[in-house]
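In: Structure, please.
(2 chains)
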Number of protein chains: 2
Amino acid sequence: MKIAIDGMGGDFAPSAVIAGCIEALSELDVDIIITGKKDAIEEELKKHTYDKNRIEVIGCSEVIDCNEEPVKAIRRKKDSSLAVALQLVKEKKADAMISAGSTGAFMAGATFIVGRIKGIDRPALAPIMPGKNGHFMIIDCGANADCKPNYLVQFAMMGKTYYEKVMNVSNPSVGLINIGAEEEKGNELTKAAHKLLKDAPVNFIGNVEPRDIPEGDTNVLVCDGFVGNTVLKLYEGAASTLLNMIKDEIMATTRGKMGGLILKPTFKGLKKKFDYKEVGGAPFLGVDGVCIKAHGSSDGKAFKNAIRQAKIFHDNKVIETIKEQIEKEIQKKEQ
Amino acid sequence: MKIAIDGMGGDFAPSAVIAGCIEALSELDVDIIITGKKDAIEEELKKHTYDKNRIEVIGCSEVIDCNEEPVKAIRRKKDSSLAVALQLVKEKKADAMISAGSTGAFMAGATFIVGRIKGIDRPALAPIMPGKNGHFMIIDCGANADCKPNYLVQFAMMGKTYYEKVMNVSNPSVGLINIGAEEEKGNELTKAAHKLLKDAPVNFIGNVEPRDIPEGDTNVLVCDGFVGNTVLKLYEGAASTLLNMIKDEIMATTRGKMGGLILKPTFKGLKKKFDYKEVGGAPFLGVDGVCIKAHGSSDGKAFKNAIRQAKIFHDNKVIETIKEQIEKEIQKKEQ
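Out: Residues are numbered from 1 along each chain as shown, chains lettered A, B, ... in the order given. Purely as a prediction, here's the structure:
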């Protein structure tokens, strides 16, 4: 298969992107197209030894910045590394694409250029997060700040399929993020979504209270993009602030420093457990092509893992399955 | 001043409630009315030595359970310890009330029995949370799952006044919890609320992204009750899960146990920093009386601190100031 990679996306582009591509070539049966500033990318490629038949570079004259208004940027910069990578998927010249650039431009571009799956109202960003007892997906994490109840049902169905096919969990549990365990709790959106989810073709286990999210006991957590983005960012922020506070306390006394030295492997183990680099990127589900948003601060390893993830996503026919299931639901409603 | 306390509210009632009342008597110039099962309360009081003129017990035949539907419970159980404590505030027989019982019944009861301040559309629950660089308030934390933009402006004004008068911070900073720093980011509610907050009589510093909440750099964080409750519960859950994970890792090896022993004072210091018992309870702002929701698992110390908080809340005329400011805003709009 062929994977298009936005060579200019992410804090450490293009060097981290290219390091990831080279690593992927040695581990995975994939060919790669890198889009972006031709000179910079080729300069970087020269530093590595690799099979030149397996990497193609497509030069682009533009780059989309993280500070640009996403919709405007994607409409205007047709020759940007991001837009060109998406165009390759649209034209089936690539089977998947990955970008670590602006999340907003990525989502807008994937929606406009690659296009929605028929029957899906709103595509959704669905990162996989680390929890105490296992990983979990949050869908949507920011593509749709305002949602209707039926969007959440579609998120649940897409999340379930991805989790089954890519994370290899059969009949994954699906929960609704809600303030209260009981069905009648919540806001207008969650109350209505709860009713619909009970009848949806997913293993719906009911409401999941925010307090229980970090335990990681539910595979797929459904919510609107405002709540999902809040959960994602607060979760990251709380973990990082708490670990920094512990570090500050440890460094404040000689006794603390000694204890910290002894516990270094413990903290390292924890950090690894929370390392997004292990998971790859966030799939953007609901568009008619494999589009993965890698973390902005991705290093080579994170890119390599995102490439592996794109391959599993593609090989296991996630999009085809989503299409079949949505089709079935539409037929069910028409009967 | 006289404070009414729901003697049956909380996981350790009535013993923790009474321990807190006794402690408060020795430190603060307050008189206390305890509502609830007369026998149980008097039995508990017998264990302590105190000035009997300063504690009155009002016997109630009912108790509201945490599992009861709040609105129904408060309407039906007129002789419950919670309803009677609220009634005392309504009839000005008490200057304040505290309960550690069902949050839903507390909020419904305070709204129905004590009543709203004229001009306030929706009262809001406003706990004070510990952050890295200081405490912060989240308003609303669950009273209003669905909000209109102007409710958030009223939350901001009430939160500002409380923070100024009770937390003793002059011109406290007010932020809007939002997914993105820019004004145009967010959902329909936050976009509209942002515009209104810019013109509100508060020190509005703009959007606060969820990632930055744990830093504790902004005094008052405004949001709808669904988002606020999510932030509150996830924040508590993430901290507790992470600390448990560290504990598990420490206990897993001999080296870890040794390091853990050395770092015991460090972790103890952190735990104290995150201890809700130090802060007291969550004020319910917007009702025409001093009503404080103590944490369900409050011990004696937490109750004593909630009593101190109620005294400052009352003595510093928070409600009177909120009334004046709302009145001013109404007049401004009428001009």
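In: just the helices in the stretch 51-200 of chain A please.
Out: Taking DSSP state H, counting those that start in this stretch as the criterion, the stretch 51-200 of chain A carries its helices at A:70-76, A:81-90, A:103-109, A:149-165, A:188-198.
In: Nearest to B:Ala110, out of the ones you listed?
Out: helix A:188-198 (23.1 Å; C-beta to C-beta). For glycine as for every other residue, the C-beta is placed from the backbone atoms N, C-alpha and C.
In: what's A:Leu285 sitting at in phi/psi?
Out: phi -90, psi 140 (degrees, to the nearest 10).
In: what pairs with it across the strands?
Out: Using DSSP bridges, the bridge partners assigned to A:Leu285 are A:Ala124, A:Val287.
In: and it, how many neighbours does it have?
Out: 28 (other C-beta atoms under 10 Å in any protein chain shown).
In: So it is in contact with A:Gly159, correct?
Out: Yes. Contact criterion C-beta atoms under 8 Å: A:Leu285 and A:Gly159 qualify, at 7.0 Å.
In: Common neighbours of those two, please.
Out: By C-beta atoms under 8 Å, 6 or more residues apart in numbering or on different chains, A:Leu285 and A:Gly159 have these common neighbours: A:126, A:139.
In: Quick check: buried residues in stretch A:55-64?
Out: A:55, A:57-60, A:62-64 (16 or more other C-beta atoms under 10 Å in any protein chain shown).
In: now, which of the residues you listed sits nearest chain B?
Out: Taking C-beta to the nearest C-beta as the measure, chain B sits nearest to A:Ile64 out of the buried residues of stretch A:55-64, at 16.4 Å.
In: which residues does that closest one contact?
Out: A:73-74, A:77, A:80-83, A:101-102, A:105.
In: What pLDDT is listed against A:Ile117?
Out: We have a pLDDT of 97 for A:Ile117.
In: er, A:Ala40 actually
Out: 97.
In: now what about stretch A:76-83, what contacts it?
Out: So stretch A:76-83 is in contact with A:6-9, A:35-37, A:60-64, A:73-74, A:99, A:101-102, A:105-106, A:109, A:113, going by C-beta under 8 Å, 6+ apart.
In: go on, stretch A:265-279?
Out: A:127-128, A:130, A:135, A:239, A:243, A:260, A:295, A:298-299, A:301-302, A:305, A:309, B:245-246, B:249-250, B:253, B:255-256, B:259.
In: can you check stretch A:291-298 too?
Out: A:9-12, A:16, A:20, A:66, A:86, A:89, A:96-101, A:103, A:106-107, A:110, A:114, A:125, A:127, A:276-277, A:280-284, A:302-303, A:306, A:309-310, A:313.
In: which ones among the residues you listed are found in strands?
Out: Within the contacts of stretch A:291-298, residues falling in strands by DSSP state E are A:96-99, A:125, A:282-284.
In: Farthest-apart pair in these, please.
Out: Longest span within the ones in strands among the contacts of stretch A:291-298, C-beta to C-beta: A:Ala96 and A:Leu125, 16.0 Å.
In: Could you check which of these two has the larger neighbour count?
Out: The residue with more neighbours, out of A:Ala96 and A:Leu125, is A:Leu125; 27 against 24, by other C-beta under 10 Å.
In: The more buried one and A:Phe284 touch, don't they?
Out: Yes. Using C-beta under 8 Å, A:Leu125 makes contact with A:Phe284 at a distance of 5.6 Å.
In: ok, whichever residue of the stretch 1-150 of chain A sits closest to chain B to B:Phe155 distance?
Out: Nearest to chain B in the stretch 1-150 of chain A, going by C-beta to the nearest C-beta, is A:Ala145, at a distance of 3.8 Å. Per C-beta to C-beta, to the nearest Å, A:Ala145 is found 20 Å from B:Phe155.
In: which of the two has more neighbours?
Out: When A:Ala145 and B:Phe155 are compared for neighbours, B:Phe155 comes out ahead with 37 against 22, by other C-beta under 10 Å.
In: List the contacts of the more buried one.
Out: By C-beta under 8 Å, 6+ apart, the neighbours of B:Phe155 are B:124, B:126, B:139-140, B:222, B:285.
In: quick one: the nearest residue to A:Pro70 once chain neighbours are set aside from A:Leu125, how far?
Out: When the adjacent residues along the chain are set aside, A:Pro70 lies closest to A:Gly104, with 3.2 Å between them (C-beta to C-beta, 6 or more residues apart in numbering or on different chains). Distance of A:Gly104 to A:Leu125, given as C-beta to C-beta: 10 Å.
In: try A:Ala310
Out: 15 Å.
In: Also A:Gly225?
Out: 7 Å.
In: same question, A:Lys301
Out: Taken as C-beta to C-beta, the span from A:Lys301 to A:Leu125 is 22 Å.
In: and the residue positioned nearest the centre of chain A, what does it touch?
Out: Closest to where the C-alpha atoms of chain A average out (C-alpha atoms, centre = their mean) is A:Ala282, at 0.5 Å. Each residue near A:Ala282 by C-beta under 8 Å, 6+ apart is listed here: A:125-128, A:141, A:292-293.
In: Report how many residues lie close to the residue nearest to A:Glu183 when sequence neighbours are not counted.
Out: Closest residue in space to A:Glu183, ignoring its immediate chain neighbours: A:His194 at 5.5 Å, by C-beta to C-beta, 6+ apart. Using other C-beta under 10 Å, A:His194 has 21 neighbouring residues.
In: and what of A:Lys273?
Out: Neighbours of A:Lys273 (other C-beta under 10 Å): 13.
In: any idea of the pLDDT on it?
Out: On the pLDDT scale, A:Lys273 gets 75.
In: Quick check: it vs A:Met167, distance?
Out: For A:Lys273, the distance to A:Met167 - C-beta to C-beta - is 16 Å.
In: Same check on A:Lys272?
Out: 19 Å.
In: quick one: contacts for A:Gly36?
Out: By C-beta under 8 Å, 6+ apart, A:Gly36 lies in contact with A:6-8, A:13-14, A:57, A:59-60, A:63, A:81.
In: Near the residue nearest to A:His48 when sequence neighbours are not counted, how many residues? Count them for me, please.
Out: Of all residues not flanking A:His48 in the chain, A:Ile22 sits nearest, at 4.6 Å (C-beta to C-beta, 6+ apart). The tally of other residues near A:Ile22 (other C-beta under 10 Å) stands at 22.
In: is it true that A:Ile22 touches A:Tyr50?
Out: Yes. With contact defined as C-beta under 8 Å, A:Ile22 counts as touching A:Tyr50 (5.3 Å).
In: How about A:Gly175: what's its closest non-neighbour residue?
Out: Going by C-beta to C-beta, 6+ apart, A:Gly175 has A:Val208 as its nearest residue, at 3.6 Å.
In: For that neighbour, list each beta-bridge partner.
Out: Bridge pairing for A:Val208 - DSSP bridges - gives A:Ile177.
In: Check A:Lys293 too.
Out: Going by DSSP bridges, A:Lys293 forms beta bridges with A:Ser99, A:Ala282.
In: Just the local confidence number for it, please.
Out: Taking A:Lys293 on its own, its pLDDT is 97.
In: so how many other residues sit close to it?
Out: So A:Lys293, with other C-beta under 10 Å, has 26 neighbours.
In: can you tell me how far it sits from A:Phe106?
Out: Here the distance between A:Lys293 and A:Phe106 works out to 5 Å (C-beta to C-beta).
In: Which residues are in contact with each of the two?
Out: A:99, A:284.
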